[in-house]
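> just coords:
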């Protein structure tokens, strides 16, 4: 099992595998435009081919991961590795806003 895949499984285990009510899943997508947290305290990213990240914000194609998220370090590391390697990821949103954009609950590699 690849190290990146194992990290994804650890992040899912740490956060719980159940998707929250109102959540949206984006499966096997490439990460683009990953931005480190600053102000506001969220990391932001986009996925290739996704024009609406979650209906909670119909005009947003950005995803947000707040630094207060219990698995923030693992999720950010996975997004960074996927951006560099081109490996696709699957993302599940929270169905709520984080830093003004749809929040992310889980990220895992395919």
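All right, it came through fine. Being a predicted model, the structure only gives us computed values, none of them experimental. Numbering: from 1, shown residues only.
> Residue 46 is in what secondary structure piece?
strand 42-47 (DSSP states H and E).
> Poorly predicted segments of this protein, please.
Applying pLDDT under 70 to the chain picks out residues 1-21.
> could you pull out the helices for it?
3-15, 72-85 (DSSP state H).
> Give me the buried stretch members for stretch 57-69, please.
Using 16 or more other Cβ atoms under 10 Å as the test for burial, stretch 57-69 gives 57, 60, 61, 62, 63, 64, 65, 66, 69. In this view, the C-beta of every residue, glycine as well, is placed from N, C-alpha and C.
> and the strand holding residue 46, what other elements does it pack with?
strand 31-35, strand 63-66, helix 72-85, strand 89-98 (3 or more Cβ pairs under 8 Å, 6 or more residues apart in numbering; DSSP states H and E).
> just those: most buried one?
strand 63-66 (a mean of 24; mean count of other Cβ atoms under 10 Å).
> who's in contact with it?
Strand 63-66 is contacted from outside by 41-47, 53, 72, 75-76, 79, 91, 93, 97-104, 107, using Cβ atoms under 8 Å, 6 or more residues apart in numbering.
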